[in-house]
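K.L.:
what follows is a predicted protein model with its sequence.
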Amino acid sequence: MDQKKQLEAAGVENAAAGHGNLKQSDLDELIASSDTGARTPAGPVGKLILAVALAWSLFQLWIASPLPYTLGIGILNDTQARAFHLAFALFLTYAAYPAARTRFELLIGVTVPTVVVALFMYGAKDGTSIWWIPLVGLLLVGAILLGSPKNRVPSWEWAMALLGASAAMYTYVFYEGISQRVGAPVSQDYVVAVIGMLLLLEAARRSLGPALMLVATAFLVYTFLGPLMPAIISHKGNALSEVVNHQWITTEGVFGIALGVSTSFVFLFVLFGSLLDKAGAGNYFIQVAFSLMGHMRGGPAKAAVVSSAMTGLISGSSIANVVTTGTFTIPLMRKVGFSAEKAGAIEVASSVNGQIMPPVMGAAAFLMVEYVGLSYFEVVKHAFLPAVISYIALVYIVHLEAMKSELQALPRSYVPGPWLQRLAGVSVAVIAMCLLSFAVYYGMGWIRPAFGDNAGVVVFALLILVYLGLMVVASREQPLQLDDPESPATTLPVPGPTIRSGLHYILPVVVLVWSLMVDRLSPGLSAFWASAFMVFILVTQRPVMALLRGEADFAAKIIEGFTDLLEGLVSGARNMIGIGIATATAGIIVGAVSQTGVGSALADVVEVLSGGNLMAILMLTAVLSLILGMGLPTTANYIVVSALLAPVIVTLGQQNGLIVPLIAVHLFVFYFGIMADVTPPVGLASFAAAAVSGGDPVKTGMVAFFYSLRTAALPFLFIFNTELLLIDVNWIQGVFVFVVATAAMLLFAAATQGWFLTRNRWYETLLLLLVAFSLFRPGFWMDRLVPPFEQLAPIAIEQAAMKVQPGDSIRLNVDGLDQLGDPISFVGVLPIGAGESGAQRLSASGMQYIVDGEKVTIDNVGYDSAAQAAGFDWDQVVTAVLVPARQPSKYWMFIPALLVLGGIVSLQRRRTIILP
C-alpha cells in the first residue's frame, strides 16, 4: 500500500508512523482531511460544492460590509446571521467530509448518536411524544454505516446536508414565532432541535475528529443525568424541553457567543488569510525568512521559526501552519544536520506558537473580546509581549541546539558586504520605516478632518499609488518561485531582491492593523476593508506585473487574476468549515455549563484536590486545560477551557488572596489549551510534522513539548507578574519589562536545554533557573524581605481608607455566602473614592457597613459601584484589612541575580577557554 492510500485509510497518525518525505499531493490530502474536507468530486457535484463555498464567502463579505445599511436590503441581526453561518457550515461538512477515516472514528460515529438518543428519551418526562427520536437516531446510524466514498456524495448524505442546513435555518425562518414562545417549545421545536444536535455532533466528528464530539456528548450526559453524578458535582438534571430551549432555540447554546464571533469576525480573518496566501504571500514570507536568517548556524530552523510566526499571524490552524511551512523548512533543517524528530519538533513548536501571536491568535482574540469585556486593542496589547518573547526564546533554543550539535549554515549565493556597511544599511532601513510610520500616522490624521466623508476615497487613492509604486519595485526583481520540497535548495536567496519582490503583500496587513489599532474599527469591519483591498490586489497584480514587465499575455493575466480570486474565496470558505462547526459544537458545552452550574462544581473539585494550595490550583488547572484541549482546534479549544476553567482560577485565586485580572486568567487557560496540539497522545500538529519529516510522531511530540516549556512557563509568570501583559505600565516601563523578560526567558531556555556558553553542569542549570525566576518576578523575593501589605483590624477600615490616595486600593478579607448559600472566604480589592474622611471615601466606593464592637459587617453595596465590581455584598463580615506598605523597589533584587549570572558566565568562559 503506498503512502497516499495509507494516509487515506489510517489518517494523519498512521501516515506519520515512520513514513516521511510525503509527496505534495499527500500533504495536500493531509491538510484537506483535517481542515478543508477531503472530498472534492468531479463534475457537477464538485462544482456545486465549490459554488456553495463561494456563496458562503460572498454572504460573509456582504453582511460585514456597509452595503446592506447603505442600500437598505439584506440587513440581518446577529441571530439571523448565525443561522445562515451554521447552515453553510453543516451543508459543506456533509458534502466535503466523508463519514469515517478510521474504524475507531466509525465506532464513535455509531455509538454517540445512540447514547444521545437515549439521553433525549430519558429527558422527555413532561409528556412530550418521543416515538420518533429512536427513528431519527436509527436513520443517522444507518447513514453512517452505509459509508461515503471520497469521489462522490451519496443520496443519504445529500439528505443529511439539507436537513442540517434546514435545522440551522429554523431560527431564521421562524424567528418571529420563536421570539414569542421562548421557554415554551412546541413539537416542531423538539424535532428540529433533536435532529439539529445529532447532525451537528456528527458533523463535528467528520470535520474535527472524535474529540470535540465526545466532549460535547459528555456534557449532554452531565446535563441530563445530573442527579446520578457524584455528590460534589451533582445537580437536579434537566428535562428535554429545557435542553431544547437552551441549546437550540435561544442564543445560550449552539447559537451563542462563540458562533456569533465566528460569524462576525473569524470568517473574515480566515478569508483574508486565504486570499493573502493565494496571492503568494505565504511563499514570500518563507523566502524572506530564509534570506535573512538562513546563513546563521542552524539557519533553516531559525527561518522556520520566523516564517511560522509570520504565517501564524494570519492562520487559524496549527496543522495547516505545520504543513504549509514545514514542507520547505523540515527538509532543509534535516539537510544541515537536525534529526527528523528535532526538525519536526521545531516546526511544531513554532507553528503552534503562531496561535498565540496577535492579531488573530487562532481566532481566540475575538472571543476574548466578548468573554473578557475588553476592547480588541486591549486584548492584542496584553497578548503581544508574551508571544514575542516566546518566539525570541524559540530562536535561541534553535541556536543552542545548533551549538550542541555543531551544525553548519547553508551557504550564501552572494558575497555580503563589510559588517559596518550592513549595519549602516539596517539602520537606514529602520530610520526609513520610522519616518514612513510617522508620515502615514500624521498624514492620515490630517486627511480625515480635511476631507470629511470623502476621506476614505482619498485614503484608497493613496493606497493605490503606493501599491503601484511597490509593483514597479517588484517588477524589477525576478519572481519568487514556489519551492519543491522534494528538491530543497542548497543556497540561500539574496535578502534585498527577495524582500523587494513582494513588498505589496504588506499593504493589506497595514490596512488591517491600521483599521484595528488606529481607526479602532470593529474587527469585522477591519477585516472587511483588508479583504476588500486584498481582492483588489488579487485581481490586479498579475496584469499589472505583466504590463510593467512588457509581457504579451496581458489578457490571460486578467483571467488568471479573477481565477485566483475565486479560488481564494472558495478556499477561505472551506478553511472555515471546521471552525464554524467547532464554535457551534462548543456552544453545546458552553450551554451546558450555564445551564447546570458545572463551573462552580469544578472549582470545588479543584479546591479539594489542591488542598487550597495556590500553585497546586494553577497546576491542576493547567493539566485540565491540556486534557480538555486534546484534539480540539484552537477556537473550540479556547471556548471550552475558558468556559470551564477560567472561573476556577478567578474564584479560588480570590479565596487565596491572588487577585488576577480576567485577561491574565483567560490567556493562562488558552496557552495550556493550545499546548494540547503539541503533546502526545493527541498532538495533531506533531503527527502532521512527523508525516513530513519521517520521524517518530510520539518522539516528535515529546521533543516539541520540551521546546515548548518556555510557553508553558509564561502563563505562571504573568499570573503573578501582570506587567508581562503590559497591565498598568507606561511605554517606558513596557520597554524595560520587554528587555528584562526576554533576557529572563533566554536564561530559562539555556537552563532547560542544558547549554549556555557551553554545556551546563547540574548546579549551573539550577542557578540559571533561579536567575531567570528572579528577573521575571523580583517581587517574590522582596515580598519575603518586606511584606507588601500591613494588616489592620476590621474596625480600622476607615483609617485604612485614609492611608491611601483616592484611586488607590485596599484589600478586605471577608467571610460570607456564595451564590449557592455555601460559606466562602475571599480577598476583595476595593478602590478608594474621594472624600474628606475615611467614611466618605468608603461611601464613594459604594461600601456601606455596620460596626458592632470589634465586628464589621457590610450592610449594602451601591449598584454598579466599585465595591460591587470587587465582589462585595451585604451581610459579609470583614475579617481583616490590608493596606499597601512602604516597600523598597523590587528591582533591587536584580543585583544579586546579575551577580550570580556573572559567576555562571565566568565559570563557563573558563571551561570554553581551557577545553578545545
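P.N.:
Ah, there it is. In this text, all values refer to a predicted model and were calculated from it rather than measured experimentally.
K.L.:
from now on I want contacts and neighbour counts done on CA atoms only, so please keep to that.
P.N.:
Will do.
K.L.:
from the contact counts, what lies against the host helix or strand of Leu566?
P.N.:
Element membership for Leu566 (DSSP states H and E) is helix 554-596. When contacts are defined as 3 or more Cα pairs under 8 Å, 6 or more residues apart in numbering; DSSP states H and E, helix 554-596 sits against helix 43-64, helix 78-96, helix 187-208, helix 210-224, helix 257-261, helix 267-279, helix 523-548, helix 634-655.
K.L.:
assumed Tyr849 was part of a strand.
P.N.:
Yes: counting by DSSP: H, G, I helix; E, B strand; the rest coil, Tyr849 falls inside a strand.
K.L.:
what about it, how many residues nearby?
P.N.:
Per other Cα atoms under 10 Å, the neighbour tally for Tyr849 reads 21.
K.L.:
got the contact list for it?
P.N.:
Shown in contact with Tyr849 (Cα atoms under 8 Å, 6 or more residues apart in numbering): 856-860.
K.L.:
can you check Thr40 too?
P.N.:
Taking Cα under 8 Å, 6+ apart, one finds 46, 49, 96, 150-152 in contact with Thr40.
K.L.:
repeat that with 10 Å
P.N.:
Contacts for Thr40 (Cα atoms under 10 Å, 6 or more residues apart in numbering) come out as 32, 46-47, 49-50, 95-97, 150-153.
K.L.:
backbone phi and psi for it, please?
P.N.:
phi -130, psi 80 (degrees, to the nearest 10).
K.L.:
and it, what pLDDT?
P.N.:
pLDDT for Thr40: 72.
K.L.:
measure it to Gly754 for me?
P.N.:
In this view, Thr40 and Gly754 are 49 Å apart by Cα to Cα, to the nearest Å.
K.L.:
so where's the stretch 601-750 of the chain uncertain?
P.N.:
Applying pLDDT under 70 to the stretch 601-750 of the chain flags the ranges 630-631, 680-684.
K.L.:
is the nearest residue to Thr857 once chain neighbours are set aside bridged to anything, and to what?
P.N.:
Excluding the flanking residues, the one nearest Thr857 by Cα to Cα, 6 or more residues apart in numbering is Val877, at 4.5 Å. For Val877, the beta-bridge partners under DSSP bridges are Asp815, Thr857.
K.L.:
which residues does Val877 contact?
P.N.:
794, 812-816, 825, 849-850, 855-859.
K.L.:
if we go to 7 Å?
P.N.:
Applying Cα atoms under 7 Å, 6 or more residues apart in numbering, we find Val877 in contact with 814-816, 856-858.
K.L.:
so for the residues you listed, which is the shakiest by pLDDT?
P.N.:
Lowest pLDDT among the contacts of Val877: Gly816, with 86.
K.L.:
from the contacts of Thr40, keep the buried residues only.
P.N.:
Applying 16 or more other Cα atoms under 10 Å to the contacts of Thr40, the neighbour count classes 32, 46, 49-50, 95-97, 150, 152-153 as buried.
K.L.:
pick the one among those residues closest to Val348.
P.N.:
Among these, Ala32 lies closest to Val348 (Cα to Cα), at 18.4 Å.
K.L.:
neighbours of Glu551, how many?
P.N.:
11.
K.L.:
for it, what are phi and psi?
P.N.:
Glu551 adopts backbone torsions of phi -80, psi 150, taken as degrees, to the nearest 10.
K.L.:
repeat that for Glu406.
P.N.:
According to degrees, to the nearest 10, Glu406 has phi 50, psi 50.
K.L.:
just the pLDDT for it.
P.N.:
The model reports Glu406 with a pLDDT of 75.
K.L.:
re earlier: and which of the contacts of Thr40 is nearest to Val703?
P.N.:
Taking Cα to Cα as the measure, Val703 sits nearest to Ala32 out of the contacts of Thr40, at 26.1 Å.
K.L.:
confidence score at the closest one?
P.N.:
54.
K.L.:
what sits against Leu726?
P.N.:
By Cα under 7 Å, 6+ apart, the contact list for Leu726 reads 382, 734.
K.L.:
show me the protein divided up by domain.
P.N.:
The record assigns the chain these domain ranges, following automatic domain parsing: 37-250, 789-886.
K.L.:
in a markdown table: those, plus distance to Ala691.
P.N.:
Compiled in a markdown table, the domains of the chain are given as follows (distance: least, Cα to Cα, whole Å):
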| stretch | distance to Ala691 |
| --- | --- |
| domain 37-250 | 17 |
| domain 789-886 | 50 |
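K.L.:
Ile579: which of those is closest?
P.N.:
Closest among these, once you apply Cα to Cα, is domain 37-250, at 8.7 Å.
K.L.:
hmm, who's touching stretch 508-527?
P.N.:
Contacts to stretch 508-527, defined as Cα under 7 Å, 6+ apart, come from residues 64-65, 264-265, 268-269, 272, 377, 530, 533-534.
K.L.:
that one: how far from the chain's middle?
P.N.:
With Cα atoms, centre = their mean, to the nearest Å as the basis, stretch 508-527 stands 18 Å off its chain's centre.
K.L.:
again, but for stretch 693-702
P.N.:
Worked out by Cα atoms, centre = their mean, stretch 693-702 lies 24 Å from the chain centre.
K.L.:
among the contacts of Val877, which pair sits farthest apart?
P.N.:
Most distant of the contacts of Val877, by Cα to Cα, are Gly816 and Val856, 12.3 Å apart.
K.L.:
among these two, which residue is more densely surrounded?
P.N.:
More crowded of Gly816 and Val856, by other Cα under 10 Å: Val856, with 22 against 19.
K.L.:
residues in contact with the more buried one?
P.N.:
By Cα under 7 Å, 6+ apart, Val856 lies in contact with 794-795, 849-850, 877-878.
K.L.:
can you rerun that using 8 Å?
P.N.:
Contacts of Val856 (Cα under 8 Å, 6+ apart): 794-795, 849-850, 877-879.
K.L.:
and what of Glu370?
P.N.:
Neighbour list for Glu370: Ile257 [criterion: Cα under 8 Å, 6+ apart].
K.L.:
one more time with 10 Å, if that's ok
P.N.:
Listed by Cα under 10 Å, 6+ apart, the contact partners of Glu370 are 257-258, 260-261, 376.
K.L.:
by neighbours, which of those wins?
P.N.:
Ala258 (29 neighbours).
K.L.:
between the domains of the chain, which one is nearest to Ala744?
P.N.:
With Cα to Cα as the yardstick, what comes closest out of these is domain 789-886 (26.9 Å).
K.L.:
any idea how far that closest one is from the chain center?
P.N.:
Centroid displacement of domain 789-886 relative to its chain, using Cα atoms, centre = their mean, is 37 Å.
K.L.:
returning to that earlier point: any chance of a markdown table for the contacts of stretch 508-527, columns distance to Leu620, pLDDT and neighbour count?
P.N.:
Shown next, in a markdown table, are the contacts of stretch 508-527 (distance: Cα to Cα, whole Å; pLDDT from 0 to 100; neighbours: other Cα atoms under 10 Å):
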| residue | distance to Leu620 | pLDDT | neighbour count |
| --- | --- | --- | --- |
| Ala64 | 41 | 90 | 22 |
| Ser65 | 44 | 90 | 18 |
| Ser264 | 34 | 86 | 24 |
| Phe265 | 32 | 80 | 25 |
| Leu268 | 36 | 86 | 28 |
| Phe269 | 34 | 81 | 29 |
| Phe272 | 38 | 86 | 29 |
| Phe377 | 31 | 81 | 18 |
| Ala530 | 41 | 87 | 24 |
| Phe533 | 46 | 91 | 20 |
| Met534 | 44 | 91 | 25 |
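K.L.:
okay, the residues you listed in JSON lines with distance to Gly109 next?
P.N.:
Shown next, in JSON lines, are the contacts of stretch 508-527 (distance: Cα to Cα, whole Å):
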{"residue": "Ala64", "distance to Gly109": "36"}
{"residue": "Ser65", "distance to Gly109": "39"}
{"residue": "Ser264", "distance to Gly109": "31"}
{"residue": "Phe265", "distance to Gly109": "31"}
{"residue": "Leu268", "distance to Gly109": "31"}
{"residue": "Phe269", "distance to Gly109": "31"}
{"residue": "Phe272", "distance to Gly109": "33"}
{"residue": "Phe377", "distance to Gly109": "41"}
{"residue": "Ala530", "distance to Gly109": "40"}
{"residue": "Phe533", "distance to Gly109": "43"}
{"residue": "Met534", "distance to Gly109": "40"}
